[in-house]
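Peer 1: would you be able to build a 3D model of this:
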Amino acid sequence: MTQSQETGQAPPGASTGEAKDAQDELPLVDVEELPGGARAALEAVLMVADAPVPTERLAVALGLPAGEVRDLLEEISDEYRGELGGRPRGFELRRGAEGWRIYSSTAHGDVVGRFVLDGQTARLSQAALETLAVIAYRQPVTRGQVSAVRGVNVDGVVRTLLTRGLIAEIEQDPATGAVLFGTTGYFLERMGYDSLDELPPLAPHLPDLDALESLD
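Peer 2: The predicted structure is shown next:
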């Protein structure tokens, strides 16, 4: 059995219609009859998710109304944080810009960091942070425009940000053909924002892109 068959997702390259047909072929399951009921089924799905999952997609997987699933998610999130009288857990269920996902507890970030990094540092360099800030506030933006703002070549830094999943190639500039970059949903998660509208008002201090168009 392939991974796509196990998860009920369409294989790479499959159309939306093919994905729906594949899902329709899966046996119907009454989650209330499973051990732990709908709540346990929801936790099981979240444990295998490698990216945030929207409430609506979780509702489809469980065969339950979206409102009921949303209430369960909120309840589980509160319980994991110890807000319902139980002990705080070492993990959290958080809702980000692109959906719900289970994370290690922020309170234990230092311990997790030591385990994962084993003495190495995962902090972005000052150059990477500055480049990320320009992209975040001026997106969509080309590599040449970012270089013009920073006054240095940013090719290596952009590759680092792409590898980290903090930025992505969005489209091409129709006028010049240059690749336009923007931040990702993962960037919003790491910043703790639901949308780019929550970014602090820094943009007025950056040069206007109209003055940089000739630099691509």
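Peer 1: okay, CA-based contacts and neighbour counts for the rest of this
Peer 2: Noted.
Peer 1: which stretches of the protein form strands?
Peer 2: For the chain, the strands defined by DSSP state E occupy 91-96, 99-104, 141-142, 167-172, 179-183.
Peer 1: out of those strands, nearest to D155?
Peer 2: strand 141-142 (11.0 Å; CA to CA).
Peer 1: other SSEs contacting the closest one?
Peer 2: strand 179-183 (3 or more CA pairs under 8 Å, 6 or more residues apart in numbering; DSSP states H and E).
Peer 1: paired strands for the strand it packs on, with orientation please.
Peer 2: In the sheet, strand 179-183 lines up against strand 141-142 (antiparallel), strand 167-172 (antiparallel) (DSSP bridges).
Peer 1: most packed of the ones you listed?
Peer 2: With neighbours taken as mean count of other CA atoms under 10 Å, those reach their highest mean count in strand 141-142, at a mean of 25.
Peer 1: which stretches of the chain aren't confidently modelled?
Peer 2: Where the chain drops to pLDDT under 70, the residues are 1-27, 113-122, 202-216.
Peer 1: go again with 80.
Peer 2: Residues of the chain meeting the criterion pLDDT under 80: 1-29, 50, 83-86, 109-110, 112-123, 201-216.
Peer 1: now G90. Its backbone dihedrals?
Peer 2: Main-chain torsions, G90, degrees, to the nearest 10: phi -90, psi 10.
Peer 1: E74 versus the nearest residue to it once chain neighbours are set aside, what's the distance?
Peer 2: Spatial nearest neighbour of G90, chain neighbours left out: S105 (5.1 Å); criterion: CA to CA, 6 or more residues apart in numbering. For S105, the distance to E74 equals 16 Å [CA to CA, to the nearest Å].
Peer 1: the closest residue to V157 other than its chain neighbours: how many residues sit nearby?
Peer 2: Excluding its sequence neighbours, the residue lying closest to V157 (CA to CA, 6+ apart) is A128, at 5.5 Å. Residues lying near A128 (other CA atoms under 10 Å) number 18.
Peer 1: contacting residues for the spatially most central residue of the chain?
Peer 2: Closest to where the C-alpha atoms of the chain average out (CA atoms, centre = their mean) is Y186, at 3.3 Å. By CA atoms under 8 Å, 6 or more residues apart in numbering, the contact set of Y186 is 165-166.
Peer 1: check contacts around S105.
Peer 2: 89-92.
Peer 1: as JSON lines, the residues you listed with distance to Q145 and neighbour count would be great.
Peer 2: Formatted as JSON lines, those follow (distance: CA to CA, whole Å; neighbours: other CA atoms under 10 Å):
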{"residue": "R89", "distance to Q145": "45", "neighbour count": "14"}
{"residue": "G90", "distance to Q145": "42", "neighbour count": "14"}
{"residue": "F91", "distance to Q145": "40", "neighbour count": "16"}
{"residue": "E92", "distance to Q145": "39", "neighbour count": "20"}
